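Trainee: Dropping the sequence and predicted coords here.
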Amino acid sequence: QVQLVESGGGLVQAGGSLRLSCAASGSSFSINAMGWFRQAPGKEREFVARITGNGGRTYYADSVNDRFTISRDNAKNTVYLQMHSLKPEDTAVYYCARARDSWGQRAMDGYDYWGQGTQVTVSS
């Protein structure tokens, strides 16, 4: 059983920065790609970013490209999401998820374990 625990959310002013962390339990962390998703009130959960198992490739939603950076430290079983130039529309609960394979994908059904989420609120 894999457990994912997010942290680092909070309240920030527009233009500010936050770094989210997601700590994973279990072995073989480096085998699977990891992703970040978010869900705003009244909206569906959406893809934000993903990173391959070895960390060699990253992919982003257009809405966060050039502002967010996903990274991972396989020695610490942790994946990060560095967020800069935050906007009010970035307000959401952010979830990390483990992909079913080493490559990952944008679709939610490509992920088999999810964290409980961490709230990010960006004030204008």
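Mentor: Yep, that arrived.
Trainee: Can you show me the strands along the chain?
Mentor: 4-7, 10-13, 18-24, 34-39, 46-51, 58-60, 68-73, 78-83, 92-99, 111-114, 118-123 (DSSP state E).
Trainee: ok now the last one, how far from the chain's centre?
Mentor: On the basis of CA atoms, centre = their mean, to the nearest Å, strand 118-123 is displaced by 14 Å from the centre of the chain it belongs to.
Trainee: which strands and helices sit next to it?
Mentor: strand 10-13, strand 18-24, strand 92-99 (3 or more CB pairs under 8 Å, 6 or more residues apart in numbering; DSSP states H and E). Yep, even glycine has a C-beta here, placed from its N, CA and C like the rest.
Trainee: what lines up beside the second one in the sheet?
Mentor: The pairing partners recorded for strand 18-24 under DSSP bridges are strand 4-7 (antiparallel), strand 78-83 (antiparallel).
Trainee: The shortest one now?
Mentor: For strand 10-13, sheet partners with direction are given as strand 118-123 (parallel), following DSSP bridges.
Trainee: buried stuff in the strand it pairs with?
Mentor: Applying a neighbour-count criterion of 16 or more other CB atoms under 10 Å, one finds 118, 120, 122 buried in strand 118-123.
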